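1. Fold the stuff below for me.
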Amino acid sequence: MKKGHVIPKALIPENRSFVIRKQVEPFFDPTFHLHPEFQISYVLEGEGNRFVGDSIKPFKANDMVMIGPNLPHVWRSHNAYFEKDSKLSTTVVVIYFHDYFLGETLHEREELESIRHLFQRSQCGIEITGNTQNKVGQLMLELLEMSGTDSIIQLLRILNTIALSDECHLITDTHSKSYNTEAETDRMNKVYEFIMKNFHRKIHLDEVASIASMTSTSFSRYFKSRVNQSFSDFLKEIRIEYACKLLKEDKMNINRIGYECGFQSLTNFNKQFKMVTGKQPHQYRQEYQRMALESYHNYH
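-> Take a look at the predicted model:
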């Protein structure tokens, strides 16, 4: 097992109830991994795709997620972050804790029922949005400066705010135990890494299958059972996701964007883009620009 896939044991020192850290790095750790601790992550800076269990979603600043124990996850920065002369940077505040930081009482005390329920829901991963996200973000930044009893009270305040909010959404439908072994995570990791590095060119199924040391047929079945969608659909989503980002940036023409995202022809790009987003690329760009302009006028 390569170092870094499972967070080392000493993540939370024996004499501490939890750990909070602010990490500033050129890019997020690109390794799909899992650990026995609960985790709350608040991204302050950085963009890319977030993988939690079988879900892939784009993330940007203010992304906030709570993850239960042993749920595989990675925030993978866009490829530009990994380039040698990249000036880009990422910042995240993360809290790690065990459910027994409150002692054994959690499971039998009615005062803690809402938090107990939150812990159960976090097995599927929880995305925190809206006002709750602003409020919890503020509490997390304050917690960075706290210690002693105050810090425990603040962590309870954070958990309680999330537990009582209706602005929290489950990320995955199912918490599949099947891939929560180190060997499985390692294998999925190699596959993800290969896709994220090469999606801008044509990828053959047998190439990816060989990375997972499988035949094409068994890889197709394996991938679908892990990610809940076929390999080709997954690849298409990653490509369209990136295309949306480039369309919003408005630095390239649509033909070039299709090519940059691994589509072999403009016709194919238009067709696939419409299937996923319901719009043609040029419509998507126009609507985004119109919205950006409106919100600019509303603020000024």
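
2. OK, contacts around the residue nearest in space to the middle of the chain?
-> Nearest residue to the geometric centre of the chain (Cα atoms, centre = their mean): residue 50, 2.1 Å. Going by Cβ atoms under 8 Å, 6 or more residues apart in numbering, residue 50 touches 56-59, 63, 65, 73-76. Just so you know, the C-beta spots here come from the backbone N, C-alpha and C atoms, and that holds for glycine as well.

3. so what's it bridging to?
-> Residue 50 forms beta bridges with residue 57, residue 75, as assigned by DSSP bridges.

4. ok, now how distant is it from residue 199?
-> According to Cβ to Cβ, to the nearest Å, residue 50 stands 16 Å off from residue 199.

5. same question, residue 171
-> With Cβ to Cβ as the criterion, residue 171 and residue 199 are 22 Å apart.

6. Please apply the same query to residue 21.
-> With Cβ to Cβ as the criterion, residue 21 and residue 199 are 31 Å apart.

7. In terms of neighbours, single out the busier of those two.
-> residue 199 (20 against 11; other Cβ atoms under 10 Å).

8. Which pLDDT value belongs to the more buried one?
-> As predicted, residue 199 sits at a pLDDT of 89.

9. How is this structure divided into domains?
-> 9-170, 178-295 (automatic domain parsing).

10. Now do the longest one: distance to the chain's middle.
-> When you say that, I think you mean domain 9-170. Remark: domain 9-170 is offset 11 Å from the chain centroid, using Cα atoms, centre = their mean, to the nearest Å.

11. model confidence over that domain, on average?
-> pLDDT averaged over domain 9-170 gives 89.

12. what about the helices in the stretch 51-200 of the chain?
-> 113-121, 130-143, 148-163, 182-198 (DSSP state H, counting those that start in this stretch).

13. In CSV, list the C-alpha atoms belonging to the second one.
-> If I follow you right, that is helix 130-143. The C-alpha trace of helix 130-143 is given here as CSV (Å, rounded to 0.1, in the frame of the first residue of the first chain):
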residue,chain,number,x,y,z
GLY,A,130,-26.8,28.0,1.7
ASN,A,131,-26.9,30.0,5.0
THR,A,132,-25.8,26.9,6.9
GLN,A,133,-22.6,26.7,4.9
ASN,A,134,-21.9,30.4,5.6
LYS,A,135,-22.6,29.9,9.3
VAL,A,136,-20.6,26.7,9.7
GLY,A,137,-17.7,28.2,7.7
GLN,A,138,-17.6,31.1,10.1
LEU,A,139,-17.6,28.7,13.1
MET,A,140,-14.8,26.6,11.6
LEU,A,141,-12.6,29.7,11.0
GLU,A,142,-13.2,30.7,14.7
LEU,A,143,-12.5,27.2,15.8
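
14. Give me the angle between that helix and helix 148-163.
-> Using axes from the mean of the first three to the mean of the last three Cα atoms, to 10 degrees, the direction of helix 130-143 lies 170 degrees away from that of helix 148-163.

15. Distance check, residue 80 against residue 86.
-> Residue 80 is 6 Å from residue 86, by Cβ to Cβ.

16. okay, and the common contacts of these two?
-> If you check residue 80 and residue 86 against Cβ under 8 Å, 6+ apart, no residue is contacted by both.

17. so residue 272 makes contact with residue 265?
-> No - using Cβ atoms under 8 Å, residue 272 is not in contact with residue 265, being 10.4 Å away.

18. higher neighbour count, these two?
-> residue 272 (18 against 11).

19. is the closest residue to residue 67 other than its chain neighbours in a bridge, and if so with what?
-> Closest residue in space to residue 67, ignoring its immediate chain neighbours: residue 39 at 4.6 Å, by Cβ to Cβ, 6 or more residues apart in numbering. On the basis of DSSP bridges, residue 39 is bridged to residue 67, residue 96.
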